[in-house]
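Colleague: sequence-free structure coming up:
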C-alpha cells in the first residue's frame, strides 16, 4: 500500500439534450441512437481525464495488548484480591465484636434482673425455715426459684463448707476443737453465682480451730557441718 492517498473516482454526467459538438439530439439515458454501435459507453457520461478508481480503505484493526498489558492485569488482579481479603477480615472481626457485645449485654441484663430477685428469695428461705412455705405461696416460690434456674443462677453456701474469702463474708468468729480448718458453721444468708461470676457472697459465721497446726519447718540438711534451721 503506497503512502499516497488515493482520490475517490469522479464521474461527470452531461444531461444536455443537444450535443454541443454535433448539434444532434441525444437519446435518453439508457437508450442508444439508431445505427449506433453497441458498447458500454452511454452518451452524456464522460469520465474525467484525471479520474482514478479508489478501492475502499480498510478500517484500522485494534492492536492486541502487548506483553506489558498482561503484567498490568495480573497486578490489578492481585490488588483486588488483597482488597477483598482485607474487607473479608474486617467484616469477620466486626461480626465477632458485635456477637461479643450482644452476649455481654444479655449477661448483664440477666444478672441485674437476678440481683433484684435475691431479697425475695431470702424471704422464701426464711419462710421455709419456719415451715410457712405452703399453699399458694409455695407455688409462687417454686416458680420464682425456677426463674433463677432458667437464668443460670445457682445458690451456694451451706453449713460445714470450708471458708473461702472469695465466696463467703464472715460476720461472726469463734473457735472450736471440732474443726481443723476455718469452717462456715452457720449460714446467715445464701450466696448466688452465675457460672464463674459471683453475684452475691454468702454471709456466714466462721469457726476456727483452737489449736491451729504449726507451720511446717524448712528442710533440714543431713550434711555434717550444716547450720541448724531456726
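Modeller: Ah, there it is. Bear in mind that the values here come from a model prediction, so they are computed numbers and not experimental data.
Colleague: Under the pLDDT cut-off, which ranges of this protein? List them.
Modeller: 1-12, 14, 27-70, 212-230 (pLDDT under 70).
Colleague: Quick one: neighbours of residue 168, just the number.
Modeller: When neighbours are counted by other Cβ atoms under 10 Å, residue 168 registers 22. (Glycine included, C-beta is placed from N, CA and C.)
Colleague: Tell me what it is bridged to.
Modeller: For residue 168, the beta-bridge partners under DSSP bridges are residue 202.
Colleague: Enumerate the helices of the protein by residue range, in sequence order.
Modeller: 67-129, 135-150 (DSSP state H).
Colleague: Reformat those as TSV; add mean neighbour count and distance to residue 177.
Modeller: Output for these, formatted as TSV (neighbours: other Cβ atoms under 10 Å; distance: least, Cβ to Cβ, whole Å):
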stretch	mean neighbour count	distance to residue 177
helix 67-129	11	28
helix 135-150	12	38
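Colleague: Minimum distance to residue 160: which of those helices has it?
Modeller: Smallest distance to residue 160 across the helices of the chain (Cβ to Cβ): 17.0 Å, for helix 67-129.
Colleague: of all the helices of the chain, which lies closest to residue 13?
Modeller: Across those, residue 13 has its closest neighbour in helix 67-129 (52.3 Å, Cβ to Cβ).
Colleague: Kindly reformat the helices of the chain as CSV containing distance to residue 20.
Modeller: CSV is the format used below for the helices of the chain (distance: least, Cβ to Cβ, whole Å):
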stretch, distance to residue 20
helix 67-129, 65
helix 135-150, 119
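Colleague: Show me the one of those that comes nearest residue 169.
Modeller: Per Cβ to Cβ, nearest to residue 169 of those: helix 67-129, 13.9 Å.
Colleague: can you state the direction angle for the closest one and helix 135-150?
Modeller: With axes from the mean of the first three to the mean of the last three Cα atoms, to 10 degrees defining the directions, helix 67-129 sits at 150 degrees from helix 135-150.
Colleague: what helices or strands is helix 67-129 leaning on?
Modeller: The helices and strands touching helix 67-129, judged by 3 or more Cβ pairs under 8 Å, 6 or more residues apart in numbering; DSSP states H and E, are helix 135-150, strand 191-194, strand 197-200.
Colleague: Tell me the spacing between residue 16 and residue 24.
Modeller: According to Cβ to Cβ, to the nearest Å, residue 16 stands 11 Å off from residue 24.
Colleague: whoops, residue 183 was the one
Modeller: Distance from residue 183 to residue 24, by Cβ to Cβ: 148 Å.
Colleague: Please identify which of these two sits among more neighbours.
Modeller: More neighbours surround residue 183 than the other of residue 183 and residue 24, with 20 against 11 (other Cβ under 10 Å).
Colleague: Which residues are in contact with the residue nearest to that one when sequence neighbours are not counted?
Modeller: Leaving aside its sequence neighbours, residue 183 sits nearest to residue 207 (Cβ to Cβ, 6 or more residues apart in numbering; 5.3 Å). Residues near residue 207 by Cβ atoms under 8 Å, 6 or more residues apart in numbering: 173, 174, 175, 176, 178, 179, 182, 183, 185.
Colleague: Minimum distance to residue 190: which of the helices of the chain has it?
Modeller: Among these, helix 67-129 comes nearest to residue 190, with 6.5 Å by Cβ to Cβ.
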